[in-house]
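Enquirer: Any chance you could fold what I've pasted below:
(chains A and B)
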2 protein chains.
Amino acid sequence: MTADTRPAEEFDRARCSVGGTLAVVGEKWSLLVLREAFLGVRRFADLQRALGAPRAVLTDRLASLVASGLLVRVPYRPEGERQRHEYRLTDKGRDLYPALVALMQWGDRWLTDDGAAPLELAHRDCGEPVSLALRCAAGHDVAGPREVRATPAGRAAGTGATPPG
Amino acid sequence: MTADTRPAEEFDRARCSVGGTLAVVGEKWSLLVLREAFLGVRRFADLQRALGAPRAVLTDRLASLVASGLLVRVPYRPEGERQRHEYRLTDKGRDLYPALVALMQWGDRWLTDDGAAPLELAHRDCGEPVSLALRCAAGHDVAGPREVRATPAGRAAGTGATPPG
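Expert: Predicted coordinates for the structure are as follows:
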């Protein structure tokens, strides 16, 4: 270890992006609402039916996801009915897709009796299964946390800086 | 769309791996405890200091993570002190690493003022930055959910089966 590398344990938790993200979506119903959005479910009544969430809880979580800029509330008017609203993912919300896929892959592996994924993801272009992989910028596959060094920002190793002395 | 493909909206939510995973770790403190485990923090007092979690909450979440098989409680005895315990990731717990990295990447992108990652991940072998990417089995990069077709299990498209008629 070089002198410009602090261990990750000393990382400033107040700036943590995992903690920050959980402050936005770190709650079961919020992530399940996002799951529904990715599945194409956009309307309150449909969300309620799919999730079985209490009406007040769903109302609260949708308002919170809109306030955080992950969903946007868009009016629409079914023919012959009064105006309603649907909830659509923003770019910010859509960018949580890898996190949902990661949670799904873990559940597929560890929570299913038969190891069979309840929901299969396929690349639209070629039909092949889609999965999430850790890679480094040099193109190497990274098997897991033991192959990763975490360093608080601004103190990255490998910058070529030689400590004095 | 072929006749053997149901829309993902009809997916059986009771079997969902996102929902199942959130039932295990779908709570802010549990995921933050796992973050600490990945950072190498293993002891109760150290976890409490790092997280600032109320003692009772931390005790409860650790017990739950051990009961779910994500952490294992291992005795150790510092020289001249009484026996203590530390919490180590199991394979099942370690396999949540991509989910934590996905949450971190999202936060790095959307929650930091300057876009600078507070914690940098580097491949131990080569020092290059590590990130998470969606790919298909044919090796194509998958940009996001719009390039993915989700299908309830057993009804995958692209199996070559031609619907009758």
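Enquirer: Low-confidence bits of chain A, can you list those?
Expert: A:1-5, A:154-165 (pLDDT under 70).
Enquirer: Now do the helices in it.
Expert: Listed in chain order, the helices of chain A (DSSP state H) span A:17-25, A:28-39, A:44-51, A:55-67, A:91-94, A:97-110.
Enquirer: pretty sure A:A117 contacts A:D108?
Expert: Yes - between A:A117 and A:D108 there is a contact at 4.2 Å, judged by Cβ atoms under 8 Å. All C-beta spots, glycine's among them, are computed from the backbone N, C-alpha and C.
Enquirer: Adding distance to chain B and mean neighbour count, write the helices of chain A out as JSON lines.
Expert: Formatted as JSON lines, these follow (distance: least, Cβ to the nearest Cβ, whole Å; neighbours: other Cβ atoms under 10 Å in any protein chain shown):
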{"stretch": "helix A:17-25", "distance to chain B": "3", "mean neighbour count": "22"}
{"stretch": "helix A:28-39", "distance to chain B": "4", "mean neighbour count": "22"}
{"stretch": "helix A:44-51", "distance to chain B": "6", "mean neighbour count": "16"}
{"stretch": "helix A:55-67", "distance to chain B": "13", "mean neighbour count": "15"}
{"stretch": "helix A:91-94", "distance to chain B": "5", "mean neighbour count": "17"}
{"stretch": "helix A:97-110", "distance to chain B": "3", "mean neighbour count": "23"}
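Enquirer: want to throw those into TSV with distance to B:D125?
Expert: As requested, those are arranged in TSV below (distance: least, Cβ to Cβ, whole Å):
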stretch	distance to B:D125
helix A:17-25	24
helix A:28-39	33
helix A:44-51	43
helix A:55-67	39
helix A:91-94	32
helix A:97-110	23
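Enquirer: Now do the same contact list for A:A8.
Expert: Contact partners of A:A8, counting by Cβ atoms under 8 Å, 6 or more residues apart in numbering or on different chains, are A:R149, A:A150, A:T151, A:P152, B:L39, B:G40, B:L119.
Enquirer: ok, of those residues, which come out buried?
Expert: By neighbour count, with 16 or more other Cβ atoms under 10 Å in any protein chain shown, those hold A:R149, A:A150, A:T151, A:P152, B:L39, B:L119 as buried.
Enquirer: Report the separation between the fifth one and B:R124.
Expert: Noted for B:L39: a distance of 15 Å to B:R124, by Cβ to Cβ, to the nearest Å.
Enquirer: Which neighbours do A:A117 and A:D108 have in common?
Expert: B:S17.
Enquirer: Tell me how many other residues crowd A:D95.
Expert: Counted with other Cβ atoms under 10 Å in any protein chain shown, the neighbours of A:D95 add up to 18.
Enquirer: A:G19 reaches A:R13, doesn't it?
Expert: Yes - counting by Cβ under 8 Å, A:R13 is a contact partner of A:G19 at 6.4 Å.
Enquirer: who's in contact with stretch A:33-49?
Expert: Contacts of stretch A:33-49 (Cβ under 8 Å, 6+ apart): A:25, A:50-51, A:53, A:55, A:58, A:61-62, A:65, A:70-71, A:84-89, A:93, A:96-97, A:100, B:7-9, B:11, B:16, B:18-19, B:145, B:150.
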